[in-house]
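[1] below are the sequence and a predicted model for it; my questions follow.
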Amino acid sequence: MLICIFKFVVFRIFLNHSFMESLLNTTTMHPRDQITLIMLRIYDRVLTTTSGGNISIIDEEENIWITPAGVDKGVLKPSDIVCVKKDGTLVGAHKPSSEYPFHRAIYKRRPDIKAVIHAHPPGIVAFSIVRKVPDTRVLPQVRAVCGAIGYAPYALPGSEALGENIAGEFKEGVSVVIMENHGTVIGGKDISDAYQKFELMEITAKSILYGSRIGTAQLLTDHTIEKHLKRCCNTLPEEDETQPFSAISREKRAELHKIITRACRQGLMLGAYGSVSTRWDGDDFIITPDQISKWDLTPGDMVQIRNGNAEKGKIPDKAVLLHKAIYEHHKDINAIIITQPTYLTAFAITGANFNVRTIPETWIYLQDVQMSELGCQFSEEGALQPVVSADSPVMIIKNECVVVTGNKLLQAFDYLEVAEFSAKSLILSASLGAMIPIEDNEIEELGKVMSRWKNYEWKI
């Protein structure tokens, strides 16, 4: 018995830490390993239940690998995954999920889709039970990644009719479908793509729901979204030659990887959106890459920016020029995080006032959080502008993101945590009554201890 428990504990540690953190690319793994990894990630993020949800992958031979029926999602193993071969033969120790019919129907209608995720995340389910869909026009990146959302009428779970309803929506070209009184189905070009859409849609749904407590979500026009996304396509020239990693460069890459992994697990960063960087020498810095899920990053994926050039063979995040402008203008800023956590995003999409005068620590760390309009980081000529400062380390950009800075990477991460916790408290308090802020004379007293608190020597 003890040996069995030990093996299980080792398995979960392996899967949740070494396996996840060292993952280079989910598409290089066997389908059963990909499915197990993503299902456990969904379960650990509390986005499905023990019995709820299913995931499938169709391979190059048109065999469908799918989660089994009646197996605890919290202890799923690769050996539990079932293969339904092209000829209908079953391979595996269990029966395939009862929802297999709609997975099969989607693959028949959409050959470009190679992975499907179905689950019952609370935010999306909230929309499904009132028969509405989240409007992705609240955030440009969500619109770009997820597009418009389909809606499948109710049918009995596991039935061919449900499969036809869902597949019919996918046939229209959507990749995300809300199932009436049920949940969501999301398809992707691979499992990582499907998961990024799944995670992004749930955060968006929750941000809209929480935002309704403090204001009204402001929708962007398609023209505004298209214009903004074009302006955000920033890049830098590459270095002529590949440079070896220095000791400090390797150290900084490892620091970034640790913080990003931590942020993803805590829901403070998404696989599909966000960037993190740290200064390493003068105005040179190391930043997250573009086109790789934050969940799947390794230290070696990080991109070094040196003398205004990107590391050879790598593409830095699209926000690289904004990071560069901030570092060049603010010599006391050594770390930057740009992200879309749920509660801060609720303020971003509504434009509601984010009053940080709630508890002493919040005001000491964050001061008065600024809120700016979408595109504030661009000048009229299109150049990037430094939108934050060390004295005001957090800025919310409407309908886009939160920008957090710090003297150290861990300090910036702490500011992000404090800001998100404060945003959550403000939203939760809305149902109780008007928030009563700290008085001006109390703020004055706090100012006397502020420098001592903010100059704490963070280490990572």
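    Perfect, I can see it now. Numbers count the residues shown, from 1 in each chain.
[2] what bits of the protein have low per-residue confidence?
    Judged by pLDDT under 70, the chain has its weakly predicted residues at 1-27, 379-385, 390, 442-460.
[3] one more time with 50
    1-24, 458-460 (pLDDT under 50).
[4] break it down into its domains, please.
    11-211, 229-454 (automatic domain parsing).
[5] want to try a markdown table for the ones you listed, with mean neighbour count and distance to residue 219 as columns?
    Where you see a C-beta, it was placed from the backbone N, CA and C, and this is true even at glycine. What follows is the domains of the chain, written out as a markdown table (neighbours: other C-beta atoms under 10 Å; distance: least, C-beta to C-beta, whole Å):
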| stretch | mean neighbour count | distance to residue 219 |
| --- | --- | --- |
| domain 11-211 | 19 | 4 |
| domain 229-454 | 18 | 9 |
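[6] nearest to residue 218, of these?
    Each of the domains of the chain has some distance to residue 218 by C-beta to C-beta; the shortest is domain 229-454, at 6.2 Å.
[7] how far is that closest one from where the chain is centred?
    Distance of domain 229-454 from the chain centroid (C-alpha atoms, centre = their mean, to the nearest Å) equals 14 Å.
[8] can I get the domains of the chain in CSV with distance to residue 217?
    Formatted as CSV, the domains of the chain follow (distance: least, C-beta to C-beta, whole Å):
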stretch, distance to residue 217
domain 11-211, 5
domain 229-454, 5
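[9] can you tell which of those is closest to residue 221?
    The nearest among the domains of the chain, by C-beta to C-beta, is domain 11-211 at 7.6 Å.
[10] was I right to think residue 118 contacts residue 187?
    No. Under the criterion of C-beta atoms under 8 Å, residue 118 makes no contact with residue 187, lying 10.0 Å away.
[11] quick one: common contacting residues for these two?
    Here residue 118 and residue 187 share no contacting residue, scored by C-beta atoms under 8 Å, 6 or more residues apart in numbering.
[12] any residues touching stretch 221-233, and which ones?
    Under the contact criterion C-beta under 8 Å, 6+ apart, stretch 221-233 has outside partners 137, 140-141, 143-144, 220, 318-319, 374-375, 378, 382, 400.
[13] which pair in the residues you listed spans the largest distance?
    137 and 382 (23.3 Å).
[14] tell me which element residue 86 falls in.
    If you go by DSSP states H and E, residue 86 is not part of any helix or strand.
[15] which residues are in contact with it?
    61-63.
[16] in contact with the nearest residue to residue 253 once chain neighbours are set aside, which residues?
    Leaving aside its sequence neighbours, residue 253 sits nearest to residue 299 (C-beta to C-beta, 6 or more residues apart in numbering; 4.0 Å). Residues in contact with residue 299 (C-beta under 8 Å, 6+ apart) are 250, 253-254, 256-257.
[17] let's go with 7 Å and repeat that
    253-254, 257 (C-beta atoms under 7 Å, 6 or more residues apart in numbering).
[18] could those residues go into a markdown table alongside secondary structure?
    What follows is those, written out as a markdown table (DSSP: H, G, I helix; E, B strand; the rest coil):
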| residue | secondary structure |
| --- | --- |
| 253 | helix |
| 254 | helix |
| 257 | helix |
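[19] all strands for the stretch 251-400 of the chain, in order.
    In the stretch 251-400 of the chain, the segments counted as strands under DSSP state E, counting those that start in this stretch are 275-281, 284-287, 303-306, 309-310, 335-339, 370-372, 394-397.
[20] middle-most residue in the chain, spatially?
    residue 270 (1.1 Å; C-alpha atoms, centre = their mean).
[21] and residue 233, that one's in a helix?
    No. Per three-state DSSP, residue 233 lies outside any helix segment and is coil.
[22] so which of the contacts of residue 86 comes closest to residue 44?
    Closest to residue 44, out of all of the contacts of residue 86 and judged by C-beta to C-beta, is residue 63, at 27.6 Å.
[23] for the closest residue to the closest one other than its chain neighbours, give its distance to residue 111.
    Excluding its sequence neighbours, the residue lying closest to residue 63 (C-beta to C-beta, 6+ apart) is residue 85, at 4.9 Å. Per C-beta to C-beta, to the nearest Å, residue 85 is found 18 Å from residue 111.
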